[in-house]
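[1] let's see this in three dimensions:
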Amino acid sequence: MLHPFPPEDEHDSAQQMALKAAAASKSTWISVAVNIALSTVQILVGIFAKSQGLIADGVHSLSDLVADFAVLLANHHSRKDADTEHPYGHQRFETGASLVLGLLLLAVGLGMVWTAVLKLEQPSTIPSVHLSALWVALAALVAKECLFRYMLRVATKVKSGMLVANAWHARSDAASSLVVACGIGGNLLGYPLLDPIAALVVGFMVGKMGWSFGWDALNDLMDRGADEQEVEAIQRTIAQTPGVLGVHDLKTRRMGDMLVADAHIVVAADITVEAGHGIAVEARRRVLQQHAVLNLMTHIDPADRPDGDHPGTLA
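    Sure thing, here's the model as predicted:
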């Protein structure tokens, strides 16, 4: 007996999604403003100061603008209500945005590596950089680290994986600016190879992070379930519902930052259908209230079988 019950906590769920959307929009627009300013200054000063590392860092900041707009687009679409084509809602737009972020980072990283390698093959063409490049790199480092801490705090507060990915994107920028500052400093001290080497290191860092985000998002799109601890917590919540004698075959899959779950609930065999339905409704209400679960579909099993088994009964 399947019970795909309609949401009973729609008001709380809608309020939570609205708060998440507002936080995502505000933090992302702040990121857009910072990245526009940084990329403009870094690229212009990088060209003037003849620093490949600073130009590469400016291009990285410019790529963040594309990432930010991808987040804003996903944030807009993920708020849409469920429809006939998307009966579970549009939360996976967030996962899609994370995949785009990962692929973007990977592409930018590979581009940086390729450019740096070409430069290192002709060391005689590497110019000495101007001191202004170092000051811009240090200022960018401070700005990006502050942006990362702000965005991660917002992402953690609203529990958004998409915003966490974008926050760590900003942290990758801060790390790259640190490496670039070291490379520029080495160039100023008489080691010109350090500037393209810094660009090479930044490329590897960005590419690695892009691969990580992209792979995680791909796994979520392939219906990766919750981790073992989260599954056990959901199972305990169901098992503690009055009238539930056991739980088995609990399955989960990601839907953006939420989960969709299915479970078999064991109840007494001699109760009415209405009573069993009521137990399932209460179990679902508790799960949606206590966990990041979008929907729980239950299957009711009778506790007593002719062979005496009690399927899935918990101690």
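
[2] run through this structure and note the low-pLDDT ranges.
    By pLDDT under 70, the low-scoring segments of the chain are 1-21, 64, 66-83, 86-91, 161-162, 257, 304-315.

[3] can you give me the neighbour number for residue 301?
    Look at residue 301: counted by other Cβ atoms under 10 Å, it has 22 neighbours. Backbone N, C-alpha and C define where each C-beta goes, glycine included.

[4] and residue 56, by the same measure?
    Neighbours of residue 56 using other Cβ under 10 Å come to 31.

[5] ok, residue 102 next?
    Considering only other Cβ under 10 Å, residue 102 is surrounded by 23 other residues.

[6] again, but for residue 30
    The burial metric for residue 30, expressed as a neighbour count using other Cβ under 10 Å, is 15.

[7] list the buried residues for the helix or strand harbouring it?
    Taking DSSP states H and E as the criterion, residue 30 maps to helix 10-49. Neighbour-count burial for helix 10-49 flags 13, 17, 20-21, 23-24, 27-28, 31-32, 34-35, 38-39, 41-43, 45-46, 49 (criterion: 16 or more other Cβ atoms under 10 Å).

[8] and stretch 104-119, by the same measure?
    104, 105, 106, 108, 109, 111, 112, 113, 115, 116, 119.

[9] repeat for stretch 289-309
    Within stretch 289-309, the residues that qualify as buried are 291, 293, 294, 295, 296, 298, 300, 301, 303, counting by 16+ other Cβ under 10 Å.

[10] stretch 222-230 now?
    Using 16+ other Cβ under 10 Å as the test for burial, stretch 222-230 gives 225, 226.

[11] again, but for stretch 186-193
    Neighbour counts using 16+ other Cβ under 10 Å place 186, 187, 188, 192 of stretch 186-193 among the buried residues.

[12] counting contacts, what elements does the helix or strand containing residue 233 pack onto?
    Assignment of secondary structure by DSSP H and E places residue 233 within helix 228-239. Applying 3 or more Cβ pairs under 8 Å, 6 or more residues apart in numbering; DSSP states H and E, one finds that helix 228-239 makes contact with strand 246-255, strand 258-267, helix 273-290.

[13] compute the inter-axis angle for the helix holding residue 30 and helix 273-290.
    Using axes from the mean of the first three to the mean of the last three Cα atoms, to 10 degrees, the inter-axis angle of helix 10-49 relative to helix 273-290 is 30 degrees.

[14] what angle do helix 10-49 and strand 258-267 make?
    For helix 10-49 and strand 258-267, the angle between their directions (the same axes, to 10 degrees) works out to 150 degrees.
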